[in-house]
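**Student:** Model the following, please.
(chains A and B)
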Amino acid sequence: MKNNDTKAEPIKEELKENIQKIKQDLGGSDDIIIREITFGKDDSAHAAIIYTDGLADKKLITDFILDSQTQKSYAEELDREADRDNLLEALKALALNLGDNKEIADFRSLYNAILSGETVLLLEGYSVGIAASTRGWKDRSVSEPVAQSVVRGPQEGFTETLRTNTSMIRRKIKDPNLWLETMQIGKVTKTDVAIMYIKGIVSDKVVEEVRARLDRIDIDGVLESGYIEELIQDEAFSPFPTINNTERPDNVAAELLEGRVAILVDGTPFVLIVPTLFISFFQTAEDYYQRADISTLLRFIRFISLFIAMVGPALYIAITTFHQELLPTQLLISLAAQREGVPFPAFIEALMMEVTFEVLREAGIRMPRPIGQAVSIVGTLVIGQAAVEAGIVSASMVIVVSITAISSFVITGYSMAISVRMIRFVIMGLAAAFGIFGIVVALIALVMHLCSLRSFGVPYMSPFAPFVPADHKDTIFRLPHWAMSTRPRLINQRNVNREQTSKPTKPADRNNQGRR
Amino acid sequence: MIRMLSMLLCLSLFFMLLAGCWSRRELDELGISVGIGIDKAGKGYKVTTQVVSPGEIAAAKPSGNRAPVTVYEATGETVIEAIRKITTMSSRPIYLAHLRVLVIGEALAREGIHKPLDHFSRDHEVRTDYFVIVAKGTTASNVLKILTPIEKIPANNLYLSLDTSQKEWAPAATVTLDELISDIVSDGKNPALSAVKVVDKQIGQTQKNIEIIKPPGHLRFSGIAVFRDDKLIGFLNEKESKGYNYVTDNVKNTVGSMACPNGEKIAVEIMKSKTKVKAKMSNGNPRIEIKVSMEDNIGEVECQIDITKRETIAELEKIAERRVHDNIMNTVKKVQRDLKVDIFGFGEAMRMENPAAWNQLKQNWNERFSDLDVFVTADVKIRRIGTVANSFHKEGEE
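**Tutor:** Numbers count the residues shown, from 1 in each chain, chains lettered A, B, ... in the order given. Below is the predicted model:
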């Protein structure tokens, strides 16, 4: 803290002293380049150019800063200006032919500028410097989103650079009402965080709330939007995510149009979206690009998958250990035959297989990519065959665990899929102890908890609870675009009309037209 | 917050440890009983149970030299005692929720079945959706010891064969326990159960039986066993059983043959049959009206008639109506004359239509039943004649 304060001290007039201080403060780091140059009449003007190697675009620096001061024509012009004792203004107006530059007066903003890729020009005899925007570093080019791929729809995903990301959203929404606010969060990392919303559609209260929560953050570093998510979410202790994230610009654009706020964090392609509803985790961008009927069907499949992923193994345990009378006789006999000789109770068996699967899944993610193949081979052999043939687990248990695993991948929101995975184990335990009774109690508790959640003031379970009939056009069902005329009601209450396109009609009968 | 969370955790641990796993049973700890038989044994009962050996039935590679089911027998003063006694022989407790058939030995049936059935209606584990049948001329124990082909589980064979023959041939009665009990309790209807016969029980009990292409030992349903209250008093033959099913509206699909106008045979398939029984009081006497309406297809033609003609069909319909009428009348007459118990539920019909009269009649209903006036009207419609018109064989052409 103390160190920070000293850096806020103003820039001195003596160039030498300034350079000395910069070197000392930055510990003489090698990637900080300080070039002292002289120019003007009789080389009378002394100046220093300071930038960070790798963060500033060297080509820009040579083309517009170094060149302009060394070229003859400029030199003469500068000389005239220098006579008027206004060298700094002259440099700003003429020499630094760059889109964006600003004056800086203290060391704190000087360091900030240098370390975010700007180039600072200090002049002998002036206690202000010029920071020219020369940001330009190696970054990943726009590529396909890895976590949220679609068959039909844009194939671009966000990158790690904030500016690229905001531009991708701008390209989708060319409206002056798309507003952007940037702030720096993180005492040490000073990460740029931007919030984006469409003025007029968004609820101002939500924007204020977002601003307030972001201002409250006091942390040394923000390396990913997950930091922000945890620091601003409504419910600290809940397995369910109340903030959604996406790496698809089209997703963000769609959410902005529904009146939500996007929080972009520099350094990560994952953009946060608030407020988030439970239902958001079961909708994908592609739902709106495919025809309405197939989208609806796919949503049904996702809900069924949610159910299987959550209670699949639990139901198997409960039915086979407590409620055998529920099974058809043939099925009971065939299940009993498979369990013949299996040494563990069904719960232990299920737990073993689930843990094995989770381990395999984790290994598959963390493994160096070339070895990834090995994991799947070992996994298939270990889980699929050997365990059954050795008589340690029953074949039906393998089926249950695999269908559960596959179902959990169907849930589109990854963060929701993770919470479902966690809850699954709890419900399995209850099923093993209390049977279907335990499962039902767990589900009731879950529903109660879900209904108590809010995301930035909006009930998490809306439009189910509270029930909003109009919003059901885009929850379990996805009606055609011409039918979804209003925006979600609880997200914003002002500008609710989305569109007024009428339902497409067949062209009039040719014969009738002729008669008319 | 932390305090509350740890409290909750402790509480849930208590719940888990104190109440958890109550009555938990793994699948491989169950002796899944699919058939149970009750016979008389001295003062008590002999209970025979057919328990599935899952490994032999559903495993990918059954060993083949072990029987798919095992039969345990035990005697006890009461049925439940006998069932529990089985654990002295069986490694697993008998699990009755998946019972398919309950077989009652003839000797016990003649003495009365309400006492041994009490356990089955009382126990929470036993469902009421299995068929109750009577072993005709033998013991229940013998019925459950016959190995059957195709269906590895003999009890399942009994269940399915009864169910299919009821649906396709209609000489059997598929009576579940709850139906049986309500029939025993009812004043206006006496129970009737399917009867099963054992053929060649010596070979039937060995694995050899199912190695032979035509297994010599097998089980066959033959007619219906008639009860007065809960005591067996006689049997109906196949034809009468069918008549019984017409009256009780249990015919789903069956086949009947009849004489052509010129004497030879023609068979019709009954596709739909609906029976309405009406009970009326006329001049102080109860009177039963049975109305049967059926839809038939022609199934087999052996005589020389032109079934493409409308008149022929109308004539055949007349013959079929007469046949059904006669069949029902014969059955009713025989039951009235020989058995003298109302198994058709005429009393039930009277109770529903005229409760006041029923209250008077029910005291000596079985006596009244014997000289009830029963009227049968049949309405047969022949809908389809099959994929060919007249029989392909023309007489005199050879």
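**Student:** could you show me where the strands are in the chain, in order?
**Tutor:** In the absence of a named chain, chain A is used. A:32-39, A:45-52, A:101-104, A:119-123, A:129-132, A:178-185, A:191-198, A:244-246, A:261-265, A:271-274, A:454-455, A:458-459 (DSSP state E).
**Student:** Chain B, not that one
**Tutor:** Going by DSSP E, chain B shows strands at B:31-41, B:44-52, B:69-76, B:94-95, B:101-105, B:131-135, B:192-199, B:218-228, B:231-236, B:254-259, B:265-282, B:285-301, B:373-384.
**Student:** export the strands of chain A to CSV and tack on mean neighbour count, mean pLDDT and distance to residue B:57?
**Tutor:** Backbone N, C-alpha and C define where each C-beta goes, glycine included. Formatted as CSV, the strands of chain A follow (neighbours: other C-beta atoms under 10 Å in any protein chain shown; pLDDT from 0 to 100; distance: least, C-beta to C-beta, whole Å):
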stretch, mean neighbour count, mean pLDDT, distance to residue B:57
strand A:32-39, 16, 83, 80
strand A:45-52, 22, 84, 76
strand A:101-104, 18, 80, 84
strand A:119-123, 25, 85, 82
strand A:129-132, 26, 84, 83
strand A:178-185, 15, 92, 66
strand A:191-198, 22, 92, 64
strand A:244-246, 25, 92, 50
strand A:261-265, 25, 93, 60
strand A:271-274, 25, 92, 55
strand A:454-455, 20, 91, 53
strand A:458-459, 22, 91, 53
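**Student:** between those strands, which gets nearest to residue A:503?
**Tutor:** strand A:191-198 (26.5 Å; C-beta to C-beta).
**Student:** packing partners for that closest one?
**Tutor:** helix A:162-172, strand A:178-185, helix A:204-216, helix A:249-257, strand A:261-265 (3 or more C-beta pairs under 8 Å, 6 or more residues apart in numbering or on different chains; DSSP states H and E).
**Student:** So what touches the third one?
**Tutor:** If you take C-beta atoms under 8 Å, 6 or more residues apart in numbering or on different chains as the criterion, helix A:204-216 is touched by A:181, A:183, A:185, A:193, A:195, A:197, A:228, A:231-232, A:260-261, A:263, A:274-275, A:456-457, A:491.
**Student:** wait, what's in contact with residue 46?
**Tutor:** In the absence of a named chain, chain A is used. A:15, A:36, A:37, A:38, A:123, A:124.
**Student:** hmm, I had chain B in mind actually
**Tutor:** Per C-beta under 8 Å, 6+ apart, neighbours of residue B:46: B:38, B:39, B:40, B:73, B:74, B:75, B:82, B:139, B:141.
**Student:** Throw the strands of chain B into TSV and include mean pLDDT, thanks.
**Tutor:** Shown next, in TSV, are those (pLDDT from 0 to 100):
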stretch	mean pLDDT
strand B:31-41	92
strand B:44-52	93
strand B:69-76	92
strand B:94-95	91
strand B:101-105	94
strand B:131-135	93
strand B:192-199	91
strand B:218-228	89
strand B:231-236	91
strand B:254-259	87
strand B:265-282	90
strand B:285-301	91
strand B:373-384	91
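**Student:** which stretch among those strands comes nearest residue B:242?
**Tutor:** By C-beta to C-beta (comparing all of the strands of chain B), the closest turns out to be strand B:254-259, at 6.8 Å.
**Student:** That closest one pairs with which strands?
**Tutor:** strand B:265-282 (antiparallel) (DSSP bridges).
**Student:** For the partner strand, what is the distance to the chain centroid?
**Tutor:** From the chain centre to the centre of strand B:265-282 is a distance of 20 Å (C-alpha atoms, centre = their mean, to the nearest Å).
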